[in-house]
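Colleague: Just to be clear, the model below is a prediction. Sequence and coordinates:
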Amino acid sequence: MNEPASSGSVSAVAADAVFMDRALALAARGVALTSPNPMVGAVLVRDGLVVGEGFHTYDGVRHAEIVALEAAVKRPAEKHGGLVDRAFRHDIKSAIPSGVLTPEGACEAARGATLYINLEPCCHTGRTGPCTQALIAAGVSRVVAAMADPNPAVAGRGFKQLRAAGIEVSIGLREAEARRLAEAFAKWIVSRQPLVTLKSALTLDGQLVLPHPRLSRSHRGGRARPPLPRIALKDRWISSPESRSEVQRMRHASDALLTGIGTVLADDPLLTDRTGLPRRRKLLRVVMDSRLRLPLRSKLARSADKDLTVFTRAKEDSPKARALRRAGIEVVRVAGRGAKPDLRAVVEELGRREMLSVLLEAGATLNSAALSAGIVDKMRVFFAPKVAGFSGAGAASNGFQAARELHDLTMAQFGADFAVEGYLHDVYRTR
Ligand SMILES: NC(=O)c1ccc[n+]([C@@H]2O[C@H](COP(=O)([O-])OP(=O)(O)OC[C@H]3O[C@@H](n4cnc5c(N)ncnc54)[C@H](OP(=O)(O)O)[C@@H]3O)[C@@H](O)[C@H]2O)c1
Ligand SMILES: [Zn+2]
């Protein structure tokens, strides 16, 4: 029986979606390996078959398109019905290191193929040559891209070049997913400032801190409190193990972690990425500490290995600053807002260091200050089905103290917890 006339196009659309999902999944494999570049995945398809695919890593230098073209060349000819001509394969290999494939090096596997990619191919020479030229030279006939490159140096010019060379270009498939994947890069490439995500775990009564058995009496005035719920006494964590694994994943996807000295003094945390997954640069641990109260015996200080920076108002040549430096901790004096380091200046400094994404994991004092300073782009709050049953160990543990409304909300469950994520700023609105 003949297929209905429309079925061809319907299945072509479905195939486009499948290959774009593959490109997005490949791109995500570059997490923690691409910054300060974007995560990009590419799939090269000919006659319905994947003939090459790849993703970018910063240390791998080559862009995803080139990795996919090279993979098409490397694939043994017999594996895909002799699509790759051996002579061409030799030529293309020698052409690839420059990042530009010459017409002579054009590869049979790529000729007439469709490239699926989550980000617009570049048209400028950076550490590699322009990918647009490589795709044109390789004879790719169609490019399906999820989104334009937010980099002002590209921003549509890559598509223009491809179209001028007669390549069919479609833009926008899975755009929302692609934009999410590229949001930190988009924020940084336009503003040179990192995307800041505030992460917090709260009880259902809005507390960031569970009462410690010793705090069952107010440490401020000695007013007796009602007996604390048993669960709160037994469990020092607010959030579930599943939430805490998710937070590890968030740390893995971040370039820097920002906290306040209040959290360090209260919890003595390590604040490392313990996923065990590879990352190109160590997670930079950053402490806001106006008066250099960071104890040299703290876990943070003892584990410092060129990955711990303290932003302060204290003099850089003070005895404590010198002691911290001797312990391998970087001490940076920044401009102040009153007695405290200016958070905007801190974020700008992190941006100068090519930090694309910062995870804010602090107590309510720094969280509130960050929200008030307008440096927070998105929030992810984990709500645990627990009731702290007290109004907090002082104002520091009591809410965020800055009214805001979030947009583009998503929710997810982690064990018994649910997490709400939303945005305060649209990083794509600047263009
Ligand atoms: N549930 C959660 O998700 C979560 C996460 C983290 C922490 N916590 C809890 O929060 C509690 C600590 O809260 P906290 O509010 O005391 O600590 P915090 O917010 O982590 O740190 C606050 C301190 O940071 C310093 N700071 C430096 N620059 C600042 C600036 N520009 N703006 C504001 N503060 C600045 C200030 O001390 P100096 O002026 O002396 O520098 C301030 O007291 C702990 O009990 C911890 O367990 C909960
Ligand atoms: Zn490129």
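Modeller: Right, received. Where do you want to start? Ligands and ions are numbered 1, 2, ... in the order given.
Colleague: which parts of the stretch 301-431 of the chain sit against ligand 1?
Modeller: By C-beta under 6 Å from any ligand atom, the residues of the stretch 301-431 of the chain that approach ligand 1 are 340, 341, 343, 361, 362, 363, 364, 365, 366, 369, 396, 397. Placement of C-beta: from N, CA and C, glycine included.
Colleague: My error: substitute the stretch 51-200 of the chain in the last question.
Modeller: Proximity of the stretch 51-200 of the chain to ligand 1 (C-beta under 6 Å from any ligand atom) is limited to residues residue 200.
Colleague: Where does pLDDT dip in the stretch 51-200 of the chain?
Modeller: Along the stretch 51-200 of the chain, segments meeting pLDDT under 70 span 74-107.
Colleague: just the helices in it please.
Modeller: 64-74, 86-95, 131-138, 157-164, 175-181, 183-191 (DSSP state H, counting those that start in this stretch).
Colleague: For those helices, give me a markdown table that also has distance to ligand 2 and mean neighbour count.
Modeller: Shown next, in a markdown table, are the helices of the stretch 51-200 of the chain (distance: least, C-beta to the ion, whole Å; neighbours: other C-beta atoms under 10 Å):
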| stretch | distance to ligand 2 | mean neighbour count |
| --- | --- | --- |
| helix 64-74 | 6 | 26 |
| helix 86-95 | 15 | 17 |
| helix 131-138 | 3 | 26 |
| helix 157-164 | 8 | 19 |
| helix 175-181 | 15 | 18 |
| helix 183-191 | 13 | 22 |
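Colleague: Identify whichever of the ones you listed lies nearest to residue 310.
Modeller: helix 183-191 (22.8 Å; C-beta to C-beta).
Colleague: What are the contacting residues of that closest one?
Modeller: Under the contact criterion C-beta atoms under 8 Å, 6 or more residues apart in numbering, helix 183-191 has outside partners 35-39, 150-152, 179, 193-195, 255, 351, 354, 356-357, 377, 427-428, 430-431.
Colleague: Residues of this structure that sit close to ligand 2?
Modeller: For the chain, the residues in contact with ligand 2 (C-beta under 5 Å from the ion) are 63, 122, 131.
Colleague: does any bit of stretch 267-275 sit next to ligand 1?
Modeller: Yes. Counting by C-beta under 6 Å from any ligand atom, ligand 1 is contacted by stretch 267-275 at residue 267.
Colleague: how about that stretch: buried residues?
Modeller: 271, 272, 273, 275 (16 or more other C-beta atoms under 10 Å).
Colleague: so how many other residues sit close to residue 300?
Modeller: For residue 300, the count of nearby residues is 22 (other C-beta atoms under 10 Å).
Colleague: List the contacts of it.
Modeller: 264, 268, 269, 270, 271, 285, 287, 294, 308.
Colleague: all strands for the stretch 151-300 of the chain, in order.
Modeller: Assigned by DSSP state E, counting those that start in this stretch, the stretch 151-300 of the chain shows strands spanning 168-171, 195-203, 256-260, 284-288.
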